[in-house]
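S.K.: Kindly generate the corresponding structure for this input.
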Amino acid sequence: MKKERRKFSANFKAKVAIEAIKEANTVHELASKYQIHPTQIAAWKRAFMANAELVFSKEIPSENEAENPKEKELYAKIGELQVQVDFLKKILGK
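M.R.: So this is what the prediction gives:
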């Protein structure tokens, strides 16, 4: 029987990566503490360092973008209605 892969939250990965960056403990100590492979910690650390500039970029969602799912839903509805209008114009125009 296959062993199911463990899934880690983004919060957990960030926590481990920050501890690795601090270098208070070695990667092997962190690996035994969190029961994960040292290579995995190194990968998370590299990914964290590569994307660290996003914290200070303007790409952080603002309050207006918090309504993004509702906005996407409305745009989808507008598109659907536009298709219907075009279809009816085509049918009635003949």
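
S.K.: switch to C-alpha atoms for all contacts and neighbour counts from now on
M.R.: Will do.

S.K.: Skip the chain neighbours and tell me the closest residue to A14.
M.R.: Excluding the flanking residues, the one nearest A14 by Cα to Cα, 6 or more residues apart in numbering is F48, at 7.2 Å.

S.K.: same check, this time on H28
M.R.: Using Cα to Cα, 6+ apart and skipping residues adjacent in sequence, the residue nearest H28 is P38, 5.9 Å away.

S.K.: quick revisit: which element is the residue nearest to A14 on?
M.R.: According to DSSP states H and E, F48 maps onto helix 38-50.

S.K.: how about that helix as PDB, C-alpha atoms only?
M.R.: Output of helix 38-50 as PDB, limited to C-alpha atoms (Å, rounded to 0.1, in the frame of the first residue of the first chain):
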ATOM      1  CA  PRO A  38      17.300  18.600   5.300                       C
ATOM      2  CA  THR A  39      17.000  19.000   1.500                       C
ATOM      3  CA  GLN A  40      13.400  20.000   1.900                       C
ATOM      4  CA  ILE A  41      14.400  22.700   4.400                       C
ATOM      5  CA  ALA A  42      17.000  24.000   1.900                       C
ATOM      6  CA  ALA A  43      14.500  24.100  -0.900                       C
ATOM      7  CA  TRP A  44      12.000  26.100   1.200                       C
ATOM      8  CA  LYS A  45      14.700  28.500   2.300                       C
ATOM      9  CA  ARG A  46      15.700  29.100  -1.300                       C
ATOM     10  CA  ALA A  47      12.100  29.600  -2.400                       C
ATOM     11  CA  PHE A  48      11.600  32.000   0.600                       C
ATOM     12  CA  MET A  49      14.700  34.000  -0.300                       C
ATOM     13  CA  ALA A  50      13.800  34.100  -4.000                       C
END
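
S.K.: Could you list the buried residues of it?
M.R.: Across helix 38-50, burial judged by 16 or more other Cα atoms under 10 Å covers P38, I41, A42, W44, K45, F48.

S.K.: Show me what that helix packs onto, helices and strands only.
M.R.: Counting contacts by 3 or more Cα pairs under 8 Å, 6 or more residues apart in numbering; DSSP states H and E, helix 38-50 packs against helix 10-22, helix 27-34.

S.K.: residues in contact with stretch 72-82?
M.R.: For stretch 72-82, there are no surrounding residues in contact (Cα atoms under 8 Å, 6 or more residues apart in numbering).
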